[in-house]
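Q: dropping a prediction and its sequence here:
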Amino acid sequence: MATRKKATKAATTPRAHHAGHAKTPAAIDPPQSKQYPRPMLQRPQWVNLNGQWDFAIDKAAELSHPRQVQWDRQITVPYSPETPASGVGDTGFYNAVWYRRTFAVPDLRDGQRVLLHFGAVDYEAEVWVNDQLATKHEGGYTPFKADITDLLRGDGEQTLVVRAIDDPQDLAKPRGKQDWLLDAHSIWYPRTTGIWQTVWLEVVPATHVEYVRWTPRFEQWQIQLDARIVGPWRDGTRLRVRLSSRGQTLVDDTYAVGADKHVSRKILLPDPGIDDARNALFWWPHAPNLIDAELTLIGPDGQTIDVVTSYTAMRGVAILGDRFFLNGRPYKLERADRRCAAARCRAGQADGLQRRTQAPEDRRPAIPLLGGSSWPAGVGRDAQRLHVHAAVDRADQ
């Protein structure tokens, strides 16, 4: 599906203390504020923390607290320290790495909270805010977050420290195709240690929409909505859902939010019963039509509590016999089954330019390939063989 392009608040310029070593690879600009890190659930008030961080390598994983760390260089987040793009380019063996930067407290009002998000940290992460442990996480491929509101000190600069533990020779943990030898060999890729996805702050109300999932059911011309609310609940809370396409309202419904704070509804779309009208709303590879969504959480007194934007699409896939069907019609897939040579794949990953950290800035459909390349839509490829992996939270994956 094509990438959602939304206007967002510009991210602050990253700040870090201490100059790094002069003899390091040249870092490149990280993915910055133009792309919202979680396009399926957007809010206007957020801050991108990618950029220059203080950095230190702890080869034997001997350090346990930020006060023990000697910060001797800098790194460009979110590129892993093995990549030249990070400005470090150290492909040796080390069991732990440390990151540090400062940030300003976002403008908070009416009991709002500050959430700290990590797209992914390989493999175990410990996070401190102002020398206080904020959260721990295990798993190098999944996002995690922490409410850090109570750890903030006043309205001045705050200090964020991350420790990432990743034993390069531990073959028992999930590691994908990361090599355990010093130099990548055969089909194995260079290692990825530490932060390799966007780090960002988000300001949310005390009661807010935490999760949204859309499931199209094209045979019934419905879209299933599943939403989860977190925070204090009051009887009479409602969720207003507005769906639109090309500026035209499709649905404007309001649903009660029960004490379980879950909303699960089948939303019936208007259906004129004309194929042309349906085709204009269907998602196709050659016409990736999207449906805009706005969810408004409303309190019992009618006051707006939270507003988020999202998007979905109407499509259905099926396999009947040996034929693939898209939106109820036979569809011939032109699959790009090309696999790049191992050396080229490894080079693409080592540069730090892989698609997983450099999300596209437009809505042009493209088929991602190994090694960071892609087939443009115009060359007639609409499917691609990929290794099973945890997809980035973007609609173009």
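A: It's in.

Q: going forward, measure contacts between C-alpha atoms and count neighbours the same way
A: Fine.

Q: all helices for this protein, in order.
A: Shown for the chain, the helices assigned by DSSP state H span residues 275-281, 342-350.

Q: could you tell me the least trusted of those?
A: Set side by side, these show their lowest mean pLDDT on helix 342-350, which sits at a mean of 46.

Q: stretch 151-168: which residues count as buried?
A: 151-152, 158-168 (16 or more other Cα atoms under 10 Å).

Q: repeat for stretch 173-184
A: Result for stretch 173-184 [16+ other Cα under 10 Å]: buried residues 175, 178, 179, 180, 184.

Q: identify, from the residues you listed, the entry nearest to residue 262.
A: Using Cα to Cα, residue 175 is the member of the buried residues of stretch 173-184 that lies nearest residue 262, at 34.6 Å.

Q: not counting sequence-adjacent ones, nearest residue to that closest one?
A: In this structure, residue 175 finds its nearest non-sequential neighbour in residue 140, 8.0 Å apart by Cα to Cα, 6 or more residues apart in numbering.

Q: tell me the contacts of that neighbour?
A: Contacts for residue 140 were tallied using Cα atoms under 8 Å, 6 or more residues apart in numbering; they are 120, 121, 122, 123, 124, 174, 175.

Q: now the buried members of these.
A: The neighbour-count test (16+ other Cα under 10 Å) marks 120, 121, 122, 123, 124, 175 as buried among the contacts of residue 140.

Q: redo the residues you listed as a markdown table? Include distance to residue 111 and pLDDT.
A: As requested, the buried ones among the contacts of residue 140 are exported to a markdown table (distance: Cα to Cα, whole Å; pLDDT from 0 to 100):
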| residue | distance to residue 111 | pLDDT |
| --- | --- | --- |
| 120 | 28 | 94 |
| 121 | 30 | 96 |
| 122 | 33 | 92 |
| 123 | 34 | 92 |
| 124 | 31 | 96 |
| 175 | 40 | 78 |
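
Q: tell me the one of those nearest residue 54?
A: residue 121 (16.3 Å).

Q: for the nearest residue to residue 259 once chain neighbours are set aside, phi and psi?
A: For residue 259, the nearest residue in space outside its immediate sequence neighbours is residue 233; the separation is 6.9 Å by Cα to Cα, 6+ apart. Dihedral pair for residue 233: phi -120, psi 140, per degrees, to the nearest 10.

Q: count of neighbours near residue 233?
A: Neighbours of residue 233 under the rule other Cα atoms under 10 Å: 18.

Q: low-confidence ranges, the protein, go.
A: Under the criterion pLDDT under 70, the flagged ranges of the chain are 1-34, 336-381, 387-397.

Q: quick one, domains of it?
A: Using automatic domain parsing, the domain ranges for the chain come out as 46-204, 208-317, 320-384.

Q: understood, closing this out.
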